[in-house]
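K.L.:
Build me a model from this:
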Amino acid sequence: MEIINLILIGVASAVVFAFFGILIKNVLIPWISSITYHGVDISGDWYTKATLPSGNLQDMIMKIEQRGKNIKGRICITKHIKKTGTIEIKNFLARGEIKDRFLYFNAKNIDKRTIGIHLELLEVIGDAKLMKGYGTWYSITNKHIQSKKYTWTQGNPKH
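P.N.:
Numbering: from 1, shown residues only. The predicted structure follows:
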């Protein structure tokens, strides 16, 4: 009977330590990071438009949540396919970091049935209402890796 009690105490201890480990990693460290971070805050909605090398037009909306230097968010890409006149919508989850006014992140397509990886390096300009830089992605249309210069603006999109 004593061995069963020792096993139960061991399992209970492991569960408690795992709980506190998760609490520290997911709550305490991000909270400390957010109060010690003194850089620019880029949280909010960001917009850009582009003409891709394929000739297709694309609108992108990025919703950023920032905790200290860490960012996460969603990107919705609406691609207007010139050849067929159709519209294609893709959604990505993004994770990255901002340091010394430079934002870098990677984004992966939410739809696991399709290829979708996007990398971006952006410089925050002025009062953090504008970001400029380059994005790199795998083009399903052209079947190779491509890159493009982007200018992102915060707030309402300009049509």
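
K.L.:
what residues does the host helix or strand of Thr48 touch?
P.N.:
Remark: Thr48 resides in strand 44-51, with elements defined by DSSP states H and E. Under the criterion Cβ atoms under 8 Å, 6 or more residues apart in numbering, residues 57-64, 131, 148, 150-158 lie in contact with strand 44-51. Backbone N, C-alpha and C define where each C-beta goes, glycine included.

K.L.:
And it, how far out from the chain middle?
P.N.:
Relative to the mean C-alpha coordinate of its chain, strand 44-51 is positioned 14 Å out (Cα atoms, centre = their mean, to the nearest Å).

K.L.:
and what of stretch 26-42?
P.N.:
Its chain's C-alpha centre and that of stretch 26-42 lie 17 Å apart, by Cα atoms, centre = their mean.

K.L.:
Can you give me the buried ones in it?
P.N.:
Ile42 (16 or more other Cβ atoms under 10 Å).

K.L.:
then it to PDB, C-alphas only?
P.N.:
Coordinates of each C-alpha in stretch 26-42 appear next as PDB, following Å, rounded to 0.1, in the frame of the first residue of the first chain:
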ATOM      1  CA  ASN A  26       2.600  31.200 -21.000                       C
ATOM      2  CA  VAL A  27       1.600  33.900 -18.500                       C
ATOM      3  CA  LEU A  28       4.400  35.100 -16.300                       C
ATOM      4  CA  ILE A  29       7.200  35.400 -18.900                       C
ATOM      5  CA  PRO A  30       5.000  37.200 -21.500                       C
ATOM      6  CA  TRP A  31       3.700  39.500 -18.800                       C
ATOM      7  CA  ILE A  32       7.200  40.500 -17.600                       C
ATOM      8  CA  SER A  33       8.300  40.900 -21.200                       C
ATOM      9  CA  SER A  34       5.300  43.300 -21.900                       C
ATOM     10  CA  ILE A  35       6.100  45.500 -19.000                       C
ATOM     11  CA  THR A  36       9.900  45.600 -19.600                       C
ATOM     12  CA  TYR A  37       9.600  46.200 -23.400                       C
ATOM     13  CA  HIS A  38      10.200  49.900 -24.200                       C
ATOM     14  CA  GLY A  39      10.000  49.700 -28.000                       C
ATOM     15  CA  VAL A  40       7.300  50.600 -30.500                       C
ATOM     16  CA  ASP A  41       3.800  49.100 -30.300                       C
ATOM     17  CA  ILE A  42       2.500  47.900 -33.700                       C
END
